[in-house]
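Trainee: Coordinates only, no sequence provided:
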């Protein structure tokens with residue numbers, strides 16, 4: 001089986017799982033949006049954002065490090081050390097949440113308690129990250145795809161059974177913590193064959209920390225960039241604004257399924273072949289993703305009103321113009337995510353970090369300027385302008401580098417992955 005065929009097969013498995021997972025998440029969003037209301041849904045969106053950022057910080061790039069080592073060398077010896085590192089960082093982040101959550105502005109007593117409860121999910125998430133890294137590193141994409149599908153389905157079932165209309169955000173936090181714990185147990189069962197006769201070595205933690213640091217910095221800046229507008233709305237606006245923006249953003253995230261599937265499948269294959277063999281695969285993948293982005297942007301723009309009306313209800317009517325603006329972020333997002341992966345494959349972490357930092361500053365400034373004036377609509381314009389600016393920076397860097405000469409690439413190992421950081 002050649003590389004392109006294997007990549008296509010793995011991408012198909014992941015895409016099918018993503019479709020199922022996104023359908024499940026659409027149902028979750030529909031249920032929560034209607035049962036919690038705009039303010040409650042805004043609180044949920046803020047809490048979920050904090051946990052996503054926390055998971056990125058505590059993972060510390062170790063998942064990508066593990067996948068590279070396993071794919072290139074079939075070396076599972078780092079699994080225990082990575083787990084210990086993530087658990088230490090997770091406990092520190094949880095302590096940080098418990099200390100500072102009461103002082104967060106524009107948050108209710110219930111939302112603060114819910115944030116504390118859900119932050120505990122970082123502990124099972126540490127195990128989950130290690131387990132799924134083992135699956136991806138060994139290219140067991142079918143098992144990984146089923147796992148990616150099973151957890152959102154479990155969320156749907158749990159919310160349908162336990163969350164009634166008018167239920168509080170605290171009950172939801174306990175429920176989501178239970179779902180994540182169940183998903184982690186399932187992940188451990190799937191990769192149990194890779195966990196035999198492994199010994200924890202605290203001596204490796206320092207070297208592991210140093211090895212993961214470059215990609216961790218990129219991951220942290222990337223996730224802050226992704227979630228900055230939601231956080232800015234929480235501080236500069238209201239919970240309802242967060243809910244309206246979050247509803248539109250979730251639709252756009254759903255449209256990125258193809259991108260995530262292809263990039264997730266591409267990295268493990270890249271880790272054990274040279275880039276000369278991958279040049280054609282790169283071009284085919286990029287062209288396909290660009291075509292999907294253009295089509296997706298047009299469809300979302302044209303169908304924004306029926307999408308919002310159908311899935312969120314009349315209460316979310318103000319999300320329609322937000323969705324129309326965010327729809328066009330798909331095109332620069334494709335450029336950003338693809339070129340980020342390509343730059344990291346060439347070990348040009350500094351270039352990626354520099355571009356992400358500039359983009360983050362642009363987005364931060366635009367949010368400060370636009371949110372007080374236009375609320376959630378201002379936040380959507382800030383995201384679109386920042387994404388376009390980031391795409392231009394990546395294209396400029398690419399045009400002035402050897403990366404554009406993809407057919408003349410010399411054999412070279414791939415170090416890192418970028419998973420949806422733009």
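Mentor: All right, it came through fine. Because the structure is a prediction, the values reported are computed rather than measured. Numbering: from 1, shown residues only.
Trainee: Quick check: buried residues in stretch 387-399?
Mentor: Residues of stretch 387-399 classed as buried by neighbour count (16 or more other CB atoms under 10 Å): 387-391, 393-394, 397-398. Heads up, the C-betas are built off the backbone N, CA and C, glycines and all.
Trainee: Count residues in the vicinity of residue 210, would you?
Mentor: 9 (other CB atoms under 10 Å).
Trainee: From the buried residues of stretch 387-399, which land in strands?
Mentor: Using DSSP state E, no member of the buried residues of stretch 387-399 sits in strands.
Trainee: As CSV, the residues you listed with pLDDT and distance to residue 122 would be great.
Mentor: Output for the buried residues of stretch 387-399, formatted as CSV (pLDDT from 0 to 100; distance: CB to CB, whole Å):
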residue, pLDDT, distance to residue 122
387, 95, 28
388, 96, 34
389, 96, 32
390, 95, 28
391, 94, 32
393, 95, 32
394, 92, 31
397, 89, 34
398, 84, 36
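Trainee: I'd like the list of those residues that fall within helices, please.
Mentor: Counted as lying in helices by DSSP state H, out of the buried residues of stretch 387-399, are 387-391, 393-394, 397-398.
Trainee: Where does pLDDT dip in the stretch 101-250 of the chain?
Mentor: 106, 162-167, 193-204 (pLDDT under 70).
Trainee: and if we set it to 80?
Mentor: 104-108, 135-145, 148, 159-169, 190-216, 223, 239 (pLDDT under 80).
Trainee: Give me the secondary structure label for residue 379.
Mentor: Secondary structure assignment for residue 379 (DSSP: H, G, I helix; E, B strand; the rest coil): helix.
Trainee: wait, what's in contact with the nearest residue to it once chain neighbours are set aside?
Mentor: Closest residue to residue 379 apart from its sequence neighbours, by CB to CB, 6 or more residues apart in numbering: residue 229 at 4.4 Å. Neighbouring residues of residue 229 by CB atoms under 8 Å, 6 or more residues apart in numbering: 245, 363, 367, 379-380, 382-383.
Trainee: Determine the three-state secondary structure at residue 229.
Mentor: helix.
Trainee: okay, residue 88: pLDDT?
Mentor: For residue 88, the model assigns a pLDDT of 90.
Trainee: give me the number of residues near it?
Mentor: 15.
Trainee: same question, residue 53
Mentor: There are 18 residues near residue 53, going by other CB under 10 Å.
Trainee: and what of residue 189?
Mentor: If we define neighbours as other CB under 10 Å, then residue 189 has 10 of them.
Trainee: Tell me which residues touch it, please.
Mentor: Neighbours of residue 189 in contact, by CB under 8 Å, 6+ apart: none.
Trainee: same check, this time on residue 53
Mentor: 223-224, 227.
Trainee: Now it: which helix or strand?
Mentor: helix 3-59 (DSSP states H and E).
Trainee: Next secondary structure element downstream of that helix?
Mentor: helix 62-73.
Trainee: Measure how the helix or strand just after that following helix sits relative to helix 3-59, angle-wise.
Mentor: Once helix 62-73 ends, the next helix or strand along the chain (criterion: DSSP H and E) is helix 79-100. For helix 79-100 against helix 3-59, the angle by axes from the mean of the first three to the mean of the last three CA atoms, to 10 degrees is 40 degrees.
Trainee: What are the buried residues along helix 79-100?
Mentor: Buried-residue list, helix 79-100, by 16+ other CB under 10 Å: 79-87, 89-90, 93-94, 97.
Trainee: between the contacts of residue 53, which is closest to residue 54?
Mentor: residue 223 (9.5 Å; CB to CB).
Trainee: Near that closest one, how many residues? Count them for me, please.
Mentor: 20.
Trainee: With residue 286 as the reference, measure out to residue 82.
Mentor: 31 Å (CB to CB, to the nearest Å).
Trainee: Then residue 343?
Mentor: Distance from residue 343 to residue 286, counting by CB to CB: 13 Å.
Trainee: Can you pick out the residue with more neighbours from these two?
Mentor: residue 343 (24 against 18).
Trainee: what's the angle from the helix or strand that that one is a member of to helix 62-73?
Mentor: Using DSSP H and E, residue 343 sits within helix 330-345. Interaxial angle of helix 330-345 relative to helix 62-73 (the same axes, to 10 degrees): 60 degrees.
Trainee: how far does helix 330-345 sit from the chain's center?
Mentor: Centroid displacement of helix 330-345 relative to its chain, using CA atoms, centre = their mean, to the nearest Å, is 14 Å.
Trainee: what's that helix packed up against?
Mentor: helix 257-270, helix 275-302, helix 349-399 (3 or more CB pairs under 8 Å, 6 or more residues apart in numbering; DSSP states H and E).
Trainee: Show me what the last one is packed against.
Mentor: If I follow you right, that is helix 349-399. Helix 349-399 sits against helix 205-236, helix 239-254, helix 319-327, helix 330-345, with contacts defined as 3+ CB pairs under 8 Å, 6+ apart.
Trainee: closest to residue 32 out of these?
Mentor: helix 239-254 (9.8 Å).
Trainee: residues of the closest one that come out buried?
Mentor: Within helix 239-254, the residues that count as buried by 16+ other CB under 10 Å are 239-254.
Trainee: do the same with stretch 20-34
Mentor: 20-22, 24-33.
Trainee: what's in contact with that stretch?
Mentor: Under CB under 8 Å, 6+ apart, the answer for stretch 20-34 is 40-41, 44, 148-149, 151-153, 155-156, 159-160, 163, 165, 172, 243, 247, 250, 254, 257, 311-313, 316.
Trainee: Nice, that's everything, thank you.
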